Structures are given as structure tokens and as C-alpha cells.
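Asks: Quick one, fold the following:
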Amino acid sequence: PGAAPQPEPVSPAPVQNRGCAAAAVAVLAVVVLLLVGAGVWAIVALNSAEDGAYETAPDCSVAPDEVLDTLVPARETELNRRIQDFDPEHREGYECRWATPRTAAQVPAAARLALVRYADRTGAAGAESASAALQAAARGKDAHPLADLGDEARAWNETLQGFDWGCVAVRMSNLYAMACHTAAVDYQASESVPGDVALSNAESLARAITGEIEQGDY
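Replies: Numbering: from 1, shown residues only. Sure thing, here's the model as predicted:
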């Protein structure tokens with residue numbers, strides 16, 4: 001129990017028209033950008049925090065290369081930055097996004113990650129604030145709990161522009177993390193992988209990141 005499921009490799013497909021592939025990746029890019037306004041960014045509206053087990057937020061490099069290599073073939077980093085407009089005395093975080101480029105000879109896929117550490121604040125504990133962020137992200141998503149992952153974790157599927165995404169949010173003391181994944185079944189991105197596959201892949205990414213954080217010095 002609690003062992004990380006093996007990520008589902010993105011199935012190879014015969015080479016087809018790259019113009020179609022470029023359009024497919026463009027569609028995926030739009031879908032990924034839509035996540036900026038989705039559940040993970042509910043954390044921006046939360047202003048509470050505590051000095052918990054973590055003194056700093058991990059950056060995007062905490063995502064293991066070998067896991068990303070499997071989930072997002074020939075990936076390019078599209079986003080790797082601190083989350084803007086956070087008061088560092090109260091909270092800090094990073095936002096990350098990887099996607100298969102339009103020039104790649106692989107089926108399009110994408111993953112994203114948010115990492116936020118909550119600091120101490122009068123009247124609120126950082127762990128409580130991180131938990132509130134998790135609950136806000138999962139709200140209305142028909143989320144279910146995951147065992148043996150951080151202090152608490154919830155997982156769900158969501159559909160954006162016809163594509164199924166898997167998302168997993170995790171709290172570790174005063175640190176909040178959310179990982180999402182999707183992939184197409186062909187170069188034309190005619191449809192996404194099934195929701196259970198996307199969710200399994202998101203869980204693999206979340207468990208890998210959690211393991212790296214627990215072994216690190218943050």
C-alpha cells in the first residue's frame with residue numbers, strides 16, 4: 001500500500017502530418033493555460049499561513065527527470081517561475097509547466113505543477129492554510145482521498161476542451177503541491193487518454209515529487 005503506480009508510457013504512433021501535430025499541440029497549450037484559472041490557483045485567494053516543517057518552497061527542479069521523460073516525451077519547459085504577487089513573509093511558491101513541442105515526433109502530452117509553502121501568521125497555522133488550499137483546489141471536482149501520500153491528498157479528473165486531465169493535490173505539513181497530467185492518443189490530438197490513465201500518471205508525478213521533497217532540505 002502506498003507504492004507509487006508506474007506511469008503509463010505515452011504510446012508511440014506512426015509518423016503523420018506534422019501540420020496536424022502542430023495544431024494538436026497548440027490546442028493542448030490552450031488547455032494547459034486554462035488550468036491557470038482552475039483549482040490550483042484558488043491558493044492565490046488564501047492569505048493565511050504557519051511555520052511548519054518546511055522553511056522554503058521547492059522549485060520546479062523537484063520533479064524527477066525520469067518521470068517527466070515518461071509522461072511528457074521530448075518535453076520542453078514552458079513555465080518555471082515564482083508565483084507572482086505573494087508576500088514572501090506569508091507564502092511563496094513556484095509554477096511549472098512542461099509540454100511536448102510541436103516539432104517533436106511524439107504524441108502531444110503536458111504536465112503542470114504548483115508548489116506553495118505557507119509561513120507563520122497570526123491567528124492561522126501554515127499547515128491549516130496549506131490544507132485550506134488543498135480543499136479549495138479540489139472543491140466541486142468530485143475528488144477522492146489518496147492513502148499514504150503526504151499528510152493528506154486528494155485526486156480528481158477534470159475535462160477541459162474535451163481533454164481529460166488527472167490532478168492530485170498533496171499537503172505535507174505547511175507545504176501544498178498539485179500535479180496534473182494529460183496526453184493525446186495520436187498526433188492529431190483527436191482525443192485524450194482515458195481519465196483513469198491521466199489520473200494514474202498525475203499520481204505517479206505527485207508521489208515522485210513528494211518523495212523528492214521528503215528527502216530534500218526545504
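
Asks: CA only for contacts and neighbour counts going forward, please
Replies: Noted.

Asks: Low-confidence bits of this protein, can you list those?
Replies: Within the chain, the segments meeting pLDDT under 70 span 1-52, 122-123.

Asks: in the protein, which helix has the most residues?
Replies: Longest helix in the chain, counting residues (DSSP state H): helix 195-215.

Asks: buried residues in that helix?
Replies: Using 16 or more other Cα atoms under 10 Å as the burial criterion, the residues of helix 195-215 that qualify are 195, 197-213.

Asks: again, but for stretch 60-80
Replies: 60, 63, 67-68, 70-75, 80.

Asks: Which ones among the residues you listed map onto helices?
Replies: Assignment to helices by DSSP H places the following of those there: 67-68, 70-71.

Asks: Output those residues as TSV; include the columns distance to residue 107.
Replies: Putting those into TSV (distance: Cα to Cα, whole Å) gives the following:
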residue	distance to residue 107
67	17
68	14
70	12
71	11
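
Asks: Could you provide the buried residues of stretch 60-80 in a markdown table, with additional columns for distance to residue 117?
Replies: Rendered in a markdown table, the data for those read as follows (distance: Cα to Cα, whole Å):
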| residue | distance to residue 117 |
| --- | --- |
| 60 | 13 |
| 63 | 16 |
| 67 | 23 |
| 68 | 23 |
| 70 | 27 |
| 71 | 26 |
| 72 | 26 |
| 73 | 29 |
| 74 | 30 |
| 75 | 26 |
| 80 | 16 |
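
Asks: among the residues you listed, which two are most distant?
Replies: Set against one another by Cα to Cα, the buried residues of stretch 60-80 have their most distant pair in 70 and 80, with a gap of 19.3 Å.

Asks: what's the nearest residue to the residue most central in space within the chain if we skip its chain neighbours?
Replies: Nearest residue to the geometric centre of the chain (Cα atoms, centre = their mean): residue 179, 1.8 Å. Using Cα to Cα, 6 or more residues apart in numbering and skipping residues adjacent in sequence, the residue nearest residue 179 is residue 113, 4.6 Å away.

Asks: Work out for me the element the one you found sits within.
Replies: Assigned by DSSP states H and E, residue 113 belongs to strand 109-118.

Asks: can you give me the helices in the protein?
Replies: Going by DSSP H, the chain shows helices at 18-34, 65-71, 126-138, 195-215.

Asks: looking at those, which is closest to residue 158?
Replies: Sorting the helices of the chain by Cα to Cα, the top spot, which is the nearest, belongs to helix 195-215 at 8.3 Å.

Asks: tell me the angle of the closest one relative to strand 109-118?
Replies: 40 degrees (axes from the mean of the first three to the mean of the last three Cα atoms, to 10 degrees).

Asks: Restricting to C-alpha, output helix 195-215 in PDB.
Replies: Presented in PDB, the C-alpha positions along helix 195-215 are these (Å, rounded to 0.1, in the frame of the first residue of the first chain):
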ATOM      1  CA  GLY A 195      -9.400   9.700 -17.400                       C
ATOM      2  CA  ASP A 196      -8.100   6.900 -15.300                       C
ATOM      3  CA  VAL A 197      -4.800   6.800 -17.200                       C
ATOM      4  CA  ALA A 198      -4.400  10.600 -16.800                       C
ATOM      5  CA  LEU A 199      -5.100  10.300 -13.100                       C
ATOM      6  CA  SER A 200      -2.700   7.400 -12.600                       C
ATOM      7  CA  ASN A 201       0.000   9.500 -14.300                       C
ATOM      8  CA  ALA A 202      -0.700  12.500 -12.200                       C
ATOM      9  CA  GLU A 203      -0.500  10.300  -9.100                       C
ATOM     10  CA  SER A 204       2.900   9.000 -10.300                       C
ATOM     11  CA  LEU A 205       4.200  12.500 -10.700                       C
ATOM     12  CA  ALA A 206       2.700  13.600  -7.300                       C
ATOM     13  CA  ARG A 207       4.300  10.600  -5.500                       C
ATOM     14  CA  ALA A 208       7.600  11.200  -7.200                       C
ATOM     15  CA  ILE A 209       7.700  14.800  -6.200                       C
ATOM     16  CA  THR A 210       6.600  14.100  -2.700                       C
ATOM     17  CA  GLY A 211       9.400  11.600  -2.300                       C
ATOM     18  CA  GLU A 212      12.000  14.100  -3.600                       C
ATOM     19  CA  ILE A 213      10.600  16.800  -1.200                       C
ATOM     20  CA  GLU A 214      10.700  14.400   1.800                       C
ATOM     21  CA  GLN A 215      14.400  13.600   1.100                       C
END
